[in-house]
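Chemist: Sequence first, predicted coordinates after that:
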Amino acid sequence: MSTMVVYASATGNTKKVASAIFAAIPDSEKDMQDILQWDHRSAADTFFVGFWNNRGSCPLEIINLLSELHGRRIALFGTCGLGRDAAYYRSIEQNVKVWIPDDNEYLGCFLCQGKMPMSVRSRYESMRTDQTASRIDHMVHNFDEALLHPDETDLANARAFVKKVLAEHPAEEFAARTDSR
């Protein structure tokens with residue numbers, strides 16, 4: 001079985017998580033590529049597809065990639081500025097996994113917080129009024145916390161995600177199911 005890690009990373013956060021995921025994959029037949037350099041003819045049995053959160057979903061390049069994959073095992077991973085919100089993470093996962101065709105085996109999703117560009121903090125500050133002060137304070141606080149992510153704990157959790165996914169979804173079982181079709 002071969003494994004491909006493909007990711008989109010606007011600020012370097014997702015690339016950092018992709019590197020941790022790649023390192024955790026025990027397969028000797030593995031590769032990692034940025035979506036902008038990915039050769040769509042590359043074949044792999046298992047894909048770990050990474051993305052940055054784009055308004056509750058993923059960038060168009062990732063939608064296109066996911067839509068093109070058939071008969072594969074697919075795990076998702078990503079980063080977003082908003083952290084520690086399991087419900088928000090679940091909604092992102094749902095919004096992204098809808099692009100995976102039904103003939104694939106979905107393996108799960110790992111999301112963690114990632115730092116945002118300073119322009120975001122400036123935009124938050126420019127939105128401050130007497131009426132929005134409390135909400136803006138919360139957004140700025142989240143922004144400041146995000147500056148520390150992805151951190152080593154996030155990367156360790158990404159590596160644990162790989163081990164869990166591979167243990168719960170053995171490649172041999174998938175190969176047996178696809179061979180019998």
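Modeler: That came in fine, so what should we check first?
Chemist: What strand or helix carries the most far-flung residue of the chain relative to its centre?
Modeler: What lies farthest from the middle of the chain is residue 130; by C-alpha atoms, centre = their mean that is 36.6 Å. Here residue 130, judged by DSSP states H and E, is contained in no helix and no strand.
Chemist: and if you look at residue 160?
Modeler: helix 152-168.
Chemist: Just give me how far that helix sits from the chain centre.
Modeler: 12 Å (C-alpha atoms, centre = their mean, to the nearest Å).
Chemist: so what does it touch, helix or strand wise?
Modeler: For helix 152-168, the contact count by 3 or more C-beta pairs under 8 Å, 6 or more residues apart in numbering; DSSP states H and E identifies helix 13-24, strand 73-80, strand 105-113 as packing neighbours. Heads up, the C-betas are built off the backbone N, CA and C, glycines and all.
Chemist: Out of those, flag the one nearest residue 44.
Modeler: Checking the helices and strands packed on helix 152-168 against residue 44 by C-beta to C-beta gives strand 73-80 as the closest, at 9.0 Å.
Chemist: on that earlier part again, with distance to residue 172 and mean pLDDT added, can I get the helices and strands packed on helix 152-168 in TSV?
Modeler: TSV is the format used below for the helices and strands packed on helix 152-168 (distance: least, C-beta to C-beta, whole Å; pLDDT from 0 to 100):
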stretch	distance to residue 172	mean pLDDT
helix 13-24	19	97
strand 73-80	12	96
strand 105-113	13	96
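Chemist: Point out the most buried one among the ones you listed.
Modeler: The highest average neighbour count among the helices and strands packed on helix 152-168, using mean count of other C-beta atoms under 10 Å, belongs to strand 73-80 at a mean of 25.
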